[in-house]
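Colleague: Provide a 3D model corresponding to the input given below.
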Amino acid sequence: MAAVRALRPPFTVTIAVWKALFLREALSRLAQDRIAWALLIVEPLFHVSLLMWVFVSGFRQKAIAGADVGVFIMVGILGFFLVRNMMNRAMEAINASEALFAFRQVMPVDTVLVRAVLEGVLVLVLFLVMFTGGALLEYPVYPADLLGALRALGALWLAGLGLGLVLSVVGNLVEEFARLVRLLFTPLYFFSAVIFPLAILPPAIRDILLLNPIVHGLESLRVAFMPGYQVSPGIDLSYLLTFSVVLIFLGLALHIQYRSRLMTA
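Modeller: Here you go, the predicted structure:
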């Protein structure tokens, strides 16, 4: 009589599911066509190149708020793209993986978490590629405070994860809400101090923009890279961290509450 196969612990099963989903998502994201890798780099490179041309050639500025204009733009755009890409990909994760829910080991939240990790890795690769290019062009791209830069990037990643967890549920249950969120993220590009320093704004406008948690992450990231950067008073990375943790717990609670509906939506 054949020996009964021992059941694997739940944690082992979860890790196996995450690993399989990660490989599936990575192949789908990077090997879907011959220029998939190029497309990942082209969009942020286009934003950075266009804005640098505007500031350097149009405004005749090589420094902004005490910081190199090229590094200022690269840090702001890549930090914002980290949050935006994670949110967008997470909202699509459940619909893109609905066939996998036939396997009882795969839950909707697994697909969101795996996509968040993958997007974080891809944006980190973008950071390395673009900052290596900046170093070859003799831009001061080395962070003055490496731990501070990692803390700010971690906080932005958590914010993207929290938004992804919440919106992946709400966006699937209410399709119109997902469309509205994507529309709102376009003006959020300008309200997150991506292309201008917060310190140059009048206090009344600055106080309003400080309500946006992403601003705190981007400004903290710039300070870590450029110690001479004139940071606005009121920047507090713990505000972004608190916002992120609350969203993560809310998103996990929503996934538990609506798991059945998400799997059959």
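Colleague: any chance you could map the helices in the stretch 151-265 of the chain?
Modeller: Ranges of helices in the stretch 151-265 of the chain, per DSSP state H, counting those that start in this stretch, are 175-191, 203-209, 213-225, 237-257, 259-264.
Colleague: A135: which of those helices is closest?
Modeller: Comparison of the helices of the stretch 151-265 of the chain against A135 by C-beta to C-beta identifies helix 213-225 as nearest, at 12.4 Å. All C-beta atoms are positioned from the backbone trio N, CA, C, and that covers glycine.
Colleague: what's the closest one packed up against?
Modeller: Packed against helix 213-225 by the contact rule (3 or more C-beta pairs under 8 Å, 6 or more residues apart in numbering; DSSP states H and E) you find helix 69-96, helix 146-173, helix 237-257.
Colleague: next, the buried residues of the last one.
Modeller: Along helix 237-257, these residues count as buried under the neighbour rule (16 or more other C-beta atoms under 10 Å): L237, Y239, L240, L241, F243, S244, L247, I248, G251, L252, L254, H255.
Colleague: could you check how far the fourth one is from F55?
Modeller: This means L241. 31 Å (C-beta to C-beta, to the nearest Å).
Colleague: give the contact list for the nearest residue to Y258 once chain neighbours are set aside.
Modeller: Of all residues not flanking Y258 in the chain, V169 sits nearest, at 5.7 Å (C-beta to C-beta, 6 or more residues apart in numbering). Taking C-beta atoms under 8 Å, 6 or more residues apart in numbering, we find V169 in contact with G251, L254, H255, Y258, L262.
Colleague: related to what we said a few turns ago, where among the helices and strands packed on helix 213-225 is average confidence lowest?
Modeller: When those are ranked by mean pLDDT, helix 69-96 comes last with a mean of 86.
Colleague: got the angle between that helix and helix 175-191?
Modeller: Taking axes from the mean of the first three to the mean of the last three C-alpha atoms, to 10 degrees, one finds helix 69-96 and helix 175-191 inclined to each other by 170 degrees.
Colleague: can you pull the buried residues of helix 69-96?
Modeller: Quick answer for helix 69-96 (16+ other C-beta under 10 Å): 69-95.
Colleague: circling back to that earlier point, ok, of the contacts of V169, which one's closest to A178?
Modeller: Nearest member of these to A178, counting by C-beta to C-beta, is L262, at 13.2 Å.
Colleague: out of everything not next to it in sequence, what's closest to the closest one?
Modeller: Closest to L262 by C-beta to C-beta, 6+ apart is P108, at 4.3 Å.
Colleague: report how many residues lie close to L40.
Modeller: Here the count is done by other C-beta atoms under 10 Å, and L40 has 18 residues near it.
Colleague: list the contacts of it.
Modeller: With C-beta under 8 Å, 6+ apart, L40 has these contacts: L30, L122, L126.
Colleague: do I have it right that L100 meets M107?
Modeller: No: when contacts are counted by C-beta atoms under 8 Å, L100 is not listed as touching M107 (9.7 Å).
Colleague: circling back: can you select the buried ones among the contacts of L40 for me in PyMOL?
Modeller: Command for PyMOL that selects the buried part of the contacts of L40, burial taken from 16+ other C-beta under 10 Å:
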select buried, resi 122+126
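Colleague: having no further points to raise, I will conclude here.
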